[in-house]
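Fold the following and give me the result.
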Amino acid sequence: MRTFLNASIPASVELQEYLQLLVTFVSAAYTQRLGGHVRLDIVLDRLSSKNRALTNMVTHFFGSIFLMAISGYATYTTYDLWVTGVCRITPLGFPKAPLAAVVALGIFLLAIQFFRDAYKYLNEYRQIVKVKH
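Here you go, the predicted model:
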């Protein structure tokens, strides 16, 4: 869709880049919720159900902390870009702050989903321990 009526659409590549950024970071948390991200099933399948739940809980908990730290830094960067008013040197000259905000929001939502998954695995672990005792 670079051309319409045999004429080039100004900044079409730039608009496609913005859409890719938006789709990638907004859909990451949703994909995590559906369980669509890559996992190391080769390792996890060799563990007992108790150890698998414990491993998932720990990795998702630390993953959520790591993602919160990245989200915090992305939020700081967004604020800095907003205050300084930095714009991209492209045909549209779009400000960088809203683009960075999409990244910060997407990572924050992913961190929340990781924390929810950690809580789910904690409950799964408790159920397994409760049944065995």
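
mind listing what L40 touches?
Shown in contact with L40 (C-beta atoms under 8 Å, 6 or more residues apart in numbering): no residues. For the C-beta atoms, the positions are set from N, CA and C on the backbone; glycine is no exception.

Look up how far A118 lies from it.
17 Å (C-beta to C-beta, to the nearest Å).

Can you report how many residues lie near Y73?
A count of nearby residues for Y73, using other C-beta atoms under 10 Å, gives 12.

Distance check, S49 against Y125.
When S49 is compared with Y125 (using C-beta to C-beta), they lie 9 Å apart.

Of these two, which one has the most company?
Y125 (20 against 13).

How about the contacts made by C87?
93-96 are the contacts of C87 under C-beta under 8 Å, 6+ apart.

List the buried residues of the helix or strand hosting F61.
Applying DSSP states H and E as the criterion places F61 in helix 49-84. Buried positions in helix 49-84, judged by neighbour count with 16 or more other C-beta atoms under 10 Å: 52-57, 59-61, 63-64, 67-68, 70-71, 74-75, 77-78, 81.
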